[in-house]
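K.L.:
Fold the following, please.
(chains A and B)
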Amino acid sequence: MKAPILLLALLLAAPLAAKEELVTLPGRDSVQLTIYNSEDLTLVRERRTLSFKQGSNRLQFSWANTLIDPTSVELQPVGDTAKAAIEIADTSYPAESHEMLIWTVSCKTAGAHVVEISYFTSGISWQAEYTGVVNANEDSMTLTAYVTVTNRSGEEYENAQVRLVVGTINLVEKIVNLATPRYPTPPAMPAPAAPSEEWEDDLRGMDEPNADSAAEDGMIRPKEIKKSGLSEYYIFTVDGRETIPNQWSKRLRSFSVEGVSLKTAYTLKPRDFGPAFTKVLEFKNDEEHKLGNEPLPDGLIRLYKDQGMGRLGYMGALASKYIPKGDEVKINVGPDAECTRTERRLSLKKKDLSFRDGWLVGWTTVEEFELEVKNFRGRAVEVEIHRSMAGNFDFESTDPFEKEDAATRKIRFRLDAGVARKFRFTVTTRHGTNAR
Amino acid sequence: MNKRLMLSLAFAAGIGSMIGFFNPVPAQARIKLATLPDREAVVVRFDNPNVVMVEEERTISLQKGVNNVDFSWAGTQIDKGSIVFRPADAAAKVEILSTSYPPGEAALTWQISAAEAMSVKFRLSYLMANIQRETDYRMLVSKDEQTCSFKHYFKIRNWSGGRFATADFVTRDGKKFEKGLENGEAKRVLVNTWDKVKLTKEYVYDITRNGEGKVMTDYVLKNAKEIGLGAIPLEYGKVRIYQDDGNGTTAFTGEDWGRFTPIGDDMRLNIGIAQDIKIEMKKMVNDVQNRRGNVYDTDEVDEYEIKNFKDTDAVVTLVLRVDGEWEMKADTSGHESFERIDNETIKFKVKAPAKGTPVKLKFHYQKKNVW
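P.N.:
Here you go, the predicted model:
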């Protein structure tokens, strides 16, 4: 077992000039980590039981080789007895160390009291990840969400209650900058742990679910991650206690939902999906899709296709942004030879030429295009083409289309199995003085 | 209750992936390789055009309660985020509780809970780098150039650091073949053969393909059932073309890159230059008309003289291009048929009689609104 890096010591009352003497080294009774994913920030709350004597007590707290923000460290008595008995007289930051502070605590009643020490640290992060297993028809999937917590804080928090905050908070200074002294000592970042031959030692710290939590069938289930809303944020609370040794990551299942219905749309939308005509799978984070209990924090969504007999093939991945409840998700799984698109310019004509002083100053072009989409698949597919034009133009077609924005028209249709469809449109563009 | 076992996967010693259990041991005394479950049913999938997915099965003996199982893959490039681990039988009474990643190691540990002591087959899927794939084709054309036999080969090269004692390799179109593949080894496998595929031979004049104005000999294969193909989209790959010489042997007649060809599209393969067909182009008329300020029209006649020195008649395709706004004039002559492919491109078919008798294509067009 490693020595903890965070040290808390009660100091014997001594003349100020004298060197403090360490009396006790109380361990943590409990610790709670609230980890934010939008910033490199974790709020640590730890409780310790300390023995105080009547009168003035000096309490030293030091955090060498961690990434704790000294400006955030606070001490609070816990419980009515402690609150009545003790009071923080002052906090002093000794000149000789940037990784230490001393609280002067005055105590009315001698005895053991519970205190809570809270502070911000950087170096602990969490990340959402999703795995979708899509069925053979590509109309449904099993979506499993995970959260991975990574501890690079320099400190090991044993048996911690872990809470994960989803949301974007405002910070005016980065915690990692506050944690590393600007002067005069060089920043003491935690040294990366050397690849360990013996991680058995660290495994001891991995949270061990105990048999008491087993269900009636003797099975121990993955921990539940409870979700609740708080102001603009969501808090995911991991059931039970977790230990994540320094430099380790741990992935836990957040939820798993079968039968999330999927829509396949072959899409050309350069702004979102690049220049290729590509296969896009769509679902919504709502009840209709058996989701919608909570937002989906940003993270990588990986899709696999069920190839039969439980075998998987890889479809593609999307680095997804935060998906609020009710919002839709579109995953580009790449171009697919089974549905192809070609576009040809059939004709170009110029008209309405206008001149000034013998020079051409305005003209209008009329271009006719033919779009052909072929579906080689054994099932109908949705097709969505976003066609952008430049300049002052009119778009005309006898086929249905929608205006997406000033420069873009959206053509949408359903294409039956094994069928090709042609879509013709005319773009009239006014140039020079013809533009209006 | 906790068991720690470590399993080594059957990759080469010292490198490759390993699964391990730990037996209950005192701290520091880590026991490696307590049991060695063999990899079963390894499948290497190439169905995604960009990545290679490996899937394997392992039977792991679990004890009742929580088991820690290690998986490590030193020396191979497995995308750890892509790892999907699950029981092969979805109804198996096991749960994967968590996955832990140690620092600085290509490894992870699963916590698996089991309702009772049992052996469970697990399936493990992951993306693996440095397994290359390549498609190539061999075409054996009949003496009369009417049909061919078209063979599709799939070549894999393994630089991944792992070795596959035996595995099913699955191509993009679902063809499966079983092979062993050592690290550093490459294998080429015949995956499809289509016989008596109907072939079209074209003589093509296209200045954008051959700047010297030479006539190219193309074979055109429509990837469709009616000519004997059309079973799968044809991957991009090199096509080597041989022809039956009528004497029981074959001659190599050229090669070309075959582009990715979806079902219904043409694969066009250039086998070389048709030196016995010559085409000479002359601009016979190039007049400016209808001048308005700095804008004008042009009247142009391009004349192509085609000579076929072969012993038999030939149909030559001329692919011609005119930019901008233009229209063809009615007195264009000397062709069997034409097709305006798009605004810029027009394709003429000209029948060229044998033995060098010249034939002329007159292409008369007006460019409009030029400036």
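
K.L.:
what's the domain layout of the chain?
P.N.:
Using chain A here. Recorded structural domains for chain A (assignment: automatic domain parsing) are A:7-121, A:339-432.

K.L.:
Can you look at chain B instead?
P.N.:
What automatic domain parsing lists as the domains of chain B is B:3-128, B:277-370.

K.L.:
thinking again about what came up before, least confident of the domains of chain A, on average?
P.N.:
Note on these: domain A:7-121 shows the lowest mean pLDDT, a mean of 82.

K.L.:
Point out the residues in the stretch 251-400 of chain A that sit beside chain B.
P.N.:
When proximity is defined as CB under 8 Å from any CB of the partner chain, the stretch 251-400 of chain A approaches chain B at A:251-253, A:300, A:302, A:304, A:307, A:310-316, A:334, A:337-338, A:340, A:344-350, A:353, A:355, A:358-360, A:363, A:367, A:374, A:376. C-beta here means a position set from N, CA and C on the backbone, and glycine is covered the same way.

K.L.:
Least reliable of the domains of chain B by average pLDDT, please.
P.N.:
Mean pLDDT is lowest for domain B:3-128 among these, at a mean of 76.

K.L.:
Can you check the pLDDT for the closest residue to residue B:50 other than its chain neighbours?
P.N.:
Spatial nearest neighbour of residue B:50, excluding adjacent residues (CB to CB, 6 or more residues apart in numbering or on different chains): residue A:334 at 7.2 Å. On pLDDT, residue A:334 comes in at 86.

K.L.:
what sits opposite residue A:334 in the beta ladder?
P.N.:
Per DSSP bridges, the residues bridged to residue A:334 are residue A:279.

K.L.:
Isn't it up against residue A:316?
P.N.:
Yes - using CB atoms under 8 Å, residue A:334 is in contact with residue A:316, at 5.4 Å.

K.L.:
Between the two, which has more neighbouring residues?
P.N.:
Shown here are residue A:334 and residue A:316; by other CB atoms under 10 Å in any protein chain shown, residue A:316 has more neighbours (20 against 15).

K.L.:
Let me know the secondary structure of that one.
P.N.:
Under DSSP: H, G, I helix; E, B strand; the rest coil, residue A:316 falls in the strand class.

K.L.:
Look at the closest residue to it other than its chain neighbours and say how many residues are nearby.
P.N.:
Residue nearest to residue A:316 in three dimensions, not counting chain neighbours: residue A:333, with 3.7 Å by CB to CB, 6+ apart. By the criterion of other CB under 10 Å, residue A:333 has 20 neighbours.

K.L.:
so what's residue A:333 up against?
P.N.:
The neighbours of residue A:333, taking CB atoms under 8 Å, 6 or more residues apart in numbering or on different chains as the test, are A:278-281, A:303, A:315-316.

K.L.:
How about residue B:289?
P.N.:
B:296-299, B:366.

K.L.:
So it belongs to a helix, correct?
P.N.:
No - with three-state DSSP as the criterion, residue B:289 is assigned strand and is not in a helix.

K.L.:
ok, now how distant is it from chain A?
P.N.:
15 Å (CB to the nearest CB, to the nearest Å).

K.L.:
who does that residue bridge with?
P.N.:
Residues in beta-bridge contact with residue B:289 (DSSP bridges): residue B:297.

K.L.:
And for residue 359, the neighbour number?
P.N.:
Defaulting to chain A. For residue A:359, using other CB under 10 Å, the count is 10.

K.L.:
looking at chain B here, not the other one
P.N.:
16.

K.L.:
so, in contact with chain A or not, stretch B:88-99?
P.N.:
Yes - contact of stretch B:88-99 with chain A (CB under 8 Å from any CB) involves B:88, B:90, B:93-99.

K.L.:
interface residues of the stretch 151-300 of chain B facing chain A?
P.N.:
So the stretch 151-300 of chain B meets chain A at B:233, B:260, B:262-265, B:292-295 (CB under 8 Å from any CB).

K.L.:
looking just at contacts, which helices and strands does the helix or strand hosting residue B:187 meet?
P.N.:
Using DSSP states H and E, residue B:187 maps to strand B:186-198. Using 3 or more CB pairs under 8 Å, 6 or more residues apart in numbering or on different chains; DSSP states H and E, the elements in contact with strand B:186-198 are strand B:147-158, strand B:176-181.
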